[in-house]
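# Return atomic coordinates for the entry below.
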Amino acid sequence: MEDGVYDDVGSFELSEVDRGERVEMMVDIYVSADAVRAQETNTQRETKAQQTSVRTEIRCSRLAVVCVGLLCVLLLTTNIVLNMYYTKVKESIYSLRVKFTAERETLLSSIRNLTEERDQLKSSYQNLTEEKEQIKNEFEKLTEEIIILQTKHEQILLKCICAHHSVEEKSCFKDWKKHKSSFYFFSTEQKSWSAARQDCRERGADLVIINNREEQMFLIDQKKGRNFWIGLTDEDKENMWKWVDGQPLTDKFWKKHEPNDANDVEDCAVFTTTAEYGWRTWNDMSCSVSENWVCEFNTTKCH
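Numbering: from 1, shown residues only. Have a look, this model is predicted:
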């Protein structure tokens, strides 16, 4: 029995040992399981991390592909736009070249035409210059001929005048001054208007008749320093002034407030020594007053 008991105890001890081993084994198993779980977790994590990295790389690759695609599209679009722009610019340049070529031809044609016109004008100018020289030479010849004819005319006229005066040519109009077509005699003595006119008539002339301002200025320029009678009077009718040839007065060179017919006796015109406004010299005076006088002989009387 004791053996049985001891056997039971031994068996119990063995069983206890086995249990302990089993427990240890179980612990080892659990530890191994935890280690395996931990390793699996790490592996899963690594796998997930790798998957995440791969996904990230895939996304980056796709993004890169998309960017490259967009860049290609952009480059293609830019190339198309630049090609279209280049085509338009090329067409514009061609159009401008054609236009400029046409304008250049037009300008060249205009230049040729202007050159021809210039040559024509130059030729015309040379012809006109030659004609001008010819006309100038002819004018000089005609001028010489006119001078010769005038000299001959004056010689014939002088003969006519001297014959009219019944004097020799050497002494004819010796003391007279010539202006235009008239000869003028300035007296050195004084007489009344009627006596002065009589003296002029005896010389084959008459008291001076002033027809215009030019003749008036000629008489002023003589500067004789004394008054002289002119052939103007209103003896026939008061204020109806007439020249000695019967012509009415037209150009008037009276001084200020003249004629005034002072004392109702001033009926004859006198050329005074002072000129108002440079050309007004006439005054009316009594015909009986003694003054110098000017005779005029108009050469048209010999025509």
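# ok, now how distant is residue 230 from residue 145?
37 Å (C-beta to C-beta, to the nearest Å). The C-beta positions use only the backbone N, C-alpha and C, and glycine is treated the same way.
# Can you pick out the residue with more neighbours from these two?
Set residue 230 next to residue 145 and count neighbours by other C-beta atoms under 10 Å: residue 230 wins out with 26 against 10.
# That one looks like it's in a strand, true?
Yes. Per DSSP: H, G, I helix; E, B strand; the rest coil, residue 230 lies within a strand segment.
# hang on, isn't it packed against residue 206?
No. Assessed by C-beta atoms under 8 Å, residue 230 is found out of contact with residue 206, at 10.5 Å.
# mind listing what residue 193 touches?
207, 229, 233, 268, 287, 288, 289, 291, 293 (C-beta atoms under 8 Å, 6 or more residues apart in numbering).
# Tell me the pLDDT of it.
Residue 193 carries a pLDDT value of 96.
# what's the answer for the one 3 residues further on, then?
Note on residue 196: pLDDT of 96.
# Tell me which helix or strand the closest residue in space to it that isn't next to it in sequence sits in.
Distances taken as C-beta to C-beta, 6 or more residues apart in numbering put residue 293 closest to residue 196, at 3.6 Å, once the chain neighbours are dropped. For residue 293, the element it lies in under DSSP states H and E is strand 292-298.
# Mind giving me the packing neighbours of the strand or helix carrying residue 218?
Secondary structure assignment for residue 218, by DSSP H and E: helix 213-221. Secondary-structure packing of helix 213-221 (3 or more C-beta pairs under 8 Å, 6 or more residues apart in numbering; DSSP states H and E): strand 280-286.
# Let's see that with 10 Å instead.
Helices and strands touching helix 213-221, by 3 or more C-beta pairs under 10 Å, 6 or more residues apart in numbering; DSSP states H and E, are strand 176-179, strand 182-186, strand 266-276, strand 280-286, strand 292-298.
# Tell me which other helices or strands the third one touches.
Using 3+ C-beta pairs under 10 Å, 6+ apart as the contact definition, the elements that strand 266-276 packs against are helix 193-202, helix 213-221, strand 228-233, strand 280-286, strand 292-298.
# again, 7 Å this time
Helices and strands touching strand 266-276, by 3 or more C-beta pairs under 7 Å, 6 or more residues apart in numbering; DSSP states H and E, are strand 228-233, strand 280-286.
# Return the distance of the shortest one from the chain's centre.
Yep, that's strand 228-233 we're talking about. Relative to its parent chain, strand 228-233 has a centroid offset of 58 Å by C-alpha atoms, centre = their mean, to the nearest Å.
# Tell me which of the helices and strands packed on helix 213-221 is the most buried.
Of these, the one with the most neighbours on average (mean count of other C-beta atoms under 10 Å) is strand 292-298, at a mean of 23.
# Can you list the strands that the strand holding residue 293 pairs with?
Applying DSSP bridges, strand 292-298 is found paired with strand 182-186 (antiparallel), strand 206-207 (antiparallel), strand 228-233 (parallel).
# Now tabulate the ones you listed in TSV and tack on distance to residue 196 and mean pLDDT.
Compiled in TSV, these are given as follows (distance: least, C-beta to C-beta, whole Å; pLDDT from 0 to 100):
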stretch	distance to residue 196	mean pLDDT
strand 182-186	11	91
strand 206-207	7	95
strand 228-233	5	96
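# could I get those as TSV with distance to residue 243?
Listed next are the strands paired with strand 292-298 as TSV, based on distance: least, C-beta to C-beta, whole Å:
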stretch	distance to residue 243
strand 182-186	14
strand 206-207	9
strand 228-233	6
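# These: which one's closest to residue 200?
Checking the strands paired with strand 292-298 against residue 200 by C-beta to C-beta gives strand 206-207 as the closest, at 5.0 Å.
# Show me what that closest one is in contact with.
Contact partners of strand 206-207, identified using C-beta atoms under 7 Å, 6 or more residues apart in numbering, comprise 196, 197, 200, 229, 230, 231, 244, 293, 295, 296.
# State the three-state secondary structure for the spatially most central residue of the chain.
Geometric centre of the chain, nearest residue: residue 114, 23.0 Å, by C-alpha atoms, centre = their mean. For residue 114, the assignment made with three-state DSSP gives helix.
# ok, now which ones touch residue 231?
Neighbour list for residue 231: 206, 207, 208, 209, 243, 244 [criterion: C-beta under 7 Å, 6+ apart].
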